[in-house]
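Visitor: Give me the fold of what follows.
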Amino acid sequence: QVQLVESGGGLVQAGGSLRLSCAASGRTFSSYAMGWFRQAPGKEREFVAAITWNGGRTYYAESVKGRFTISRDNAKNTMYLQTNNLKPEDTAVYYCARVWSTQLQTPRTDYWGQGTQVTVSS
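Guide: Residues are numbered from 1 along each chain as shown. Model (predicted):
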């Protein structure tokens, strides 16, 4: 069983930054790609970023490219999302998930965290 726990969300002004974390339990973390997703009120969940098992490749949604950075520390069983230059439209619940597919562009997921709220004020 895999458990994922997000943290680091909060309220920030436009232009600000937050660092989100996703802590994973279990011994399989370093064997899988991981991803970040988000869901804004009244909208469907959308892909944000993904990273391969060793951090060698990353992939981003166009809306966050150049502003967000995904990374991971396999020794700590933790994945991160550094969010910079935040905009009000980035307001959403952010989720991390384990990715079992090999294609980051179309990530297939199995385990999910409970989410962390990010609110960006204008």
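Visitor: Tell me the bridge partners for residue 49.
Guide: For residue 49, the beta-bridge partners are residue 36, residue 60 (DSSP bridges).
Visitor: which ones are touching it?
Guide: 35, 36, 58, 59, 60, 61, 64, 68, 70, 81 (CB atoms under 8 Å, 6 or more residues apart in numbering). For every residue, glycine as well, the C-beta is placed using N, CA and C.
Visitor: Run a quick neighbour tally on the spatially closest residue to the fourth one that is not a sequence neighbour.
Guide: Right, residue 59. By the measure of CB to CB, 6 or more residues apart in numbering, the closest residue to residue 59 outside its immediate chain neighbours is residue 104, 3.9 Å from it. Using other CB atoms under 10 Å, residue 104 is surrounded by 19 other residues.
Visitor: gap between residue 104 and residue 72?
Guide: 13 Å (CB to CB, to the nearest Å).
Visitor: what touches both of the two?
Guide: Common contact partners of residue 104 and residue 72 (CB under 8 Å, 6+ apart): residue 51.
Visitor: still on that earlier bit, can you turn the buried part of the contacts of residue 49 into a ChimeraX selection?
Guide: Per 16 or more other CB atoms under 10 Å, the buried members of those correspond to this ChimeraX selection:
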select :35,36,58,59,60,64,68,70,81
